[in-house]
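Enquirer: sequence? don't have it. structure:
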Ligand SMILES: Nc1nc2c(c(=O)[nH]1)N[C@H]1C(S)=C(S)[C@@H](COP(=O)(O)OP(=O)(O)OC[C@H]3O[C@@H](n4cnc5c(N)ncnc54)[C@H](O)[C@@H]3O)O[C@H]1N2
Ligand code: MOO
């Protein structure tokens, strides 16, 4: 049997980071910045006032000083007056500093009323401030040419606002990986539809599509197909634009394993030393146009799908999309004991609480226990050579 690490290496070898394209700064959240972004304008772009008040010369300031008001400077003003000795200009927050002035006295420290008021002829300074106070200098945050956003940054609203402030309208973002999800099984019925004998609701396609979207991929196609090879072949042909094809089911050793029947050869079928998730298919699909596209064939059992997606699909998508595949873990005590298989790494969906971790189902890591998955906020990992976990023992737990 293949180790989890060996299978992960094989999976990660299937793809490279996708190309980047220029995208408007206010779009593409979750995608990865492909190149360093430097400031093309200074931040702030000009000396401006940090307060509503009066721009003055510090040399004129003393309690009770009365200054001549020579102009009004709202934010957005395209010209500014000259402020000479003994003079002041009314100025608003964000407005450009007038030449001659070096300091701003907030309106509250003068004899003038706050709020909408006519421009006064003179202003009396009641409280003195130090030279340069309340002036935001050009480039004091960032100078032109400074690299502020490093390549590899995951795009976010904060990054977008920063890029806009640095003078950019577009930035190079790695293309979002497009995923095609194909759930196989003749027993599958769409969610909410009545079940005939032997039928079950298709939950895997919903699970995989949602997980991939949450990790930052674009789900380009979600289909449920029967175990008829012709149906599966036709569905695969519709997935031709995907960067990753994810299937569920049909990879084991039964008589009607549709995924195996259609793609074995290009795709390899392996037994991986993990539970759940033992049968795994992976490889490059060969499209008629000559392109080779990664495919992961996950086992059909719902918990196997969940675990396999977290352990293999998530890092491969991270590699395609250019973002980090870090998966934080911590050591936490088990609140109850459980057992696991010998020679296979066990992944147990758990609930994390103050006391420690508790399997979300009394049957532990059983691969068909789909209903309680929703309660899991962690995946406990029990090493291959450990077959029992006792209450109070610590286990490694990944956050979900
Ligand atoms: N003789 C052996 N039989 C099996 C072995 C083995 O080693 N020898 N391995 C078992 C393990 S472990 C797993 S996991 C499964 C994987 O089988 P498949 O990937 O071929 O999956 P299916 O047989 O198609 O389905 C398994 C199970 O999951 C249900 N299922 C499938 N698709 C969905 C879906 N979209 N939504 C909800 N549930 C789904 C399906 O009805 C089956 O109950 O093989 C074991 N057998
Ligand atoms: O390995 Mo299967 O994935 O136990 O259920």
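Expert: Looks like it arrived, so ask away. None of the values given here were measured: they were computed from a predicted structure. Ligands and ions are numbered 1, 2, ... in the order given.
Enquirer: quick one, domains of this protein?
Expert: Domain assignment for the chain by automatic domain parsing gives 4-16+176-321, 21-38+150-174, 48-136, 329-399.
Enquirer: Residue numbers of the stretch 151-300 of the chain in contact with ligand 1?
Expert: Listed as neighbours of ligand 1 in the stretch 151-300 of the chain under the rule Cβ under 6 Å from any ligand atom: 183, 185, 187-188, 200, 202-205, 248-254, 257, 276, 278-279, 299-300. For the C-beta atoms, the positions are set from N, CA and C on the backbone; glycine is no exception.
Enquirer: if we can go back for a sec, in a markdown table, list the domains of the chain along with mean neighbour count, distance to residue 143 and mean pLDDT.
Expert: Shown next, in a markdown table, are those (neighbours: other Cβ atoms under 10 Å; distance: least, Cβ to Cβ, whole Å; pLDDT from 0 to 100):
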| stretch | mean neighbour count | distance to residue 143 | mean pLDDT |
| --- | --- | --- | --- |
| domain 4-16+176-321 | 19 | 32 | 96 |
| domain 21-38+150-174 | 17 | 10 | 98 |
| domain 48-136 | 17 | 14 | 97 |
| domain 329-399 | 17 | 39 | 91 |
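Enquirer: Now these in CSV, please, with extra columns for distance to ligand 2.
Expert: Written out in CSV, the entries for the domains of the chain read as follows (distance: least, Cβ to the nearest ligand atom, whole Å):
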stretch, distance to ligand 2
domain 4-16+176-321, 3
domain 21-38+150-174, 29
domain 48-136, 60
domain 329-399, 3
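Enquirer: Serialize these to a markdown table and add fields for distance to residue 144.
Expert: Below are the domains of the chain laid out as a markdown table (distance: least, Cβ to Cβ, whole Å):
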| stretch | distance to residue 144 |
| --- | --- |
| domain 4-16+176-321 | 31 |
| domain 21-38+150-174 | 8 |
| domain 48-136 | 16 |
| domain 329-399 | 41 |
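Enquirer: could you pull out the helices for the stretch 51-200 of the chain?
Expert: For the stretch 51-200 of the chain, the helices identified by DSSP state H, counting those that start in this stretch occupy 157-165, in order along the chain.
Enquirer: Out of the domains of the chain, flag the one nearest residue 142.
Expert: With distances scored as Cβ to Cβ, the stretch of those nearest to residue 142 is domain 21-38+150-174 (6.7 Å).
Enquirer: and the lengthiest helix in the chain, what other elements does it pack with?
Expert: The helix that spans the most residues within the chain, counting by DSSP state H, is helix 204-215. In terms of contacts (3 or more Cβ pairs under 8 Å, 6 or more residues apart in numbering; DSSP states H and E), helix 204-215 is packed against strand 178-184, strand 218-225, strand 244-248, helix 302-308, helix 314-321.
Enquirer: make it 10 Å
Expert: strand 178-184, strand 218-225, strand 244-248, strand 292-298, helix 302-308, helix 314-321 (3 or more Cβ pairs under 10 Å, 6 or more residues apart in numbering; DSSP states H and E).
Enquirer: packing partners for the first one?
Expert: The criterion is 3+ Cβ pairs under 10 Å, 6+ apart, and the helices and strands that strand 178-184 contacts are helix 204-215, strand 218-225, helix 229-238, strand 244-248, helix 258-263, strand 292-298, helix 314-321.
Enquirer: Can you check which of the helices and strands packed on helix 204-215 gets nearest to residue 384?
Expert: Each of the helices and strands packed on helix 204-215 was checked against residue 384 via Cβ to Cβ, and the shortest separation belongs to helix 302-308, namely 14.9 Å.
Enquirer: Could you give the bridge partners of the closest residue in space to residue 307 that isn't next to it in sequence?
Expert: The shortest distance from residue 307 to any non-neighbouring residue, by Cβ to Cβ, 6 or more residues apart in numbering, is to residue 347 (4.5 Å). Going by DSSP bridges, residue 347 is paired in beta bridges with residue 381.
Enquirer: so residue 347 touches residue 380, yeah?
Expert: Yes: under the criterion of Cβ atoms under 10 Å, residue 347 is in contact with residue 380, at a separation of 7.3 Å.
Enquirer: Settle this for me: residue 371 is touching residue 201, isn't it.
Expert: No: in this structure residue 371 lies outside contact range of residue 201 using Cβ under 10 Å: 11.0 Å.
Enquirer: which strand residues sit across from the closest residue to residue 145 other than its chain neighbours in the sheet?
Expert: The spatially closest residue to residue 145, leaving aside those adjacent along the chain, is residue 38, at 5.5 Å (Cβ to Cβ, 6+ apart). The partner list for residue 38 in beta bridges (DSSP bridges) reads residue 147.
Enquirer: For residue 38, which residues are in contact?
Expert: Contacts were defined as Cβ atoms under 10 Å, 6 or more residues apart in numbering; by that measure residue 38 touches 142-149, 166-168.
Enquirer: so what's residue 316 closest to, chain neighbours aside?
Expert: Take residue 316 and drop its neighbours on the chain: the residue closest to it by Cβ to Cβ, 6+ apart is residue 11, 5.3 Å away.
Enquirer: who's in contact with residue 209?
Expert: Contact partners of residue 209, counting by Cβ under 10 Å, 6+ apart, are 179-181, 183, 217, 219-222, 246.
Enquirer: any idea how far it is from residue 181?
Expert: Distance, residue 209 to residue 181, using Cβ to Cβ, to the nearest Å: 5 Å.
Enquirer: same check, this time on residue 66
Expert: Noted for residue 66: a distance of 75 Å to residue 181, by Cβ to Cβ.
Enquirer: Narrow the contacts of residue 38 to just the buried residues.
Expert: Burial of those was assessed by neighbour count (16 or more other Cβ atoms under 10 Å); the buried members are 142, 148-149, 166-168.
Enquirer: closest to residue 320 among these?
Expert: Nearest to residue 320 out of the buried ones among the contacts of residue 38 is residue 149 (Cβ to Cβ; 21.2 Å).
Enquirer: thought that closest one was touching residue 164?
Expert: No: taking contact to mean Cβ under 10 Å, the distance of 11.2 Å between residue 149 and residue 164 leaves them out of contact.
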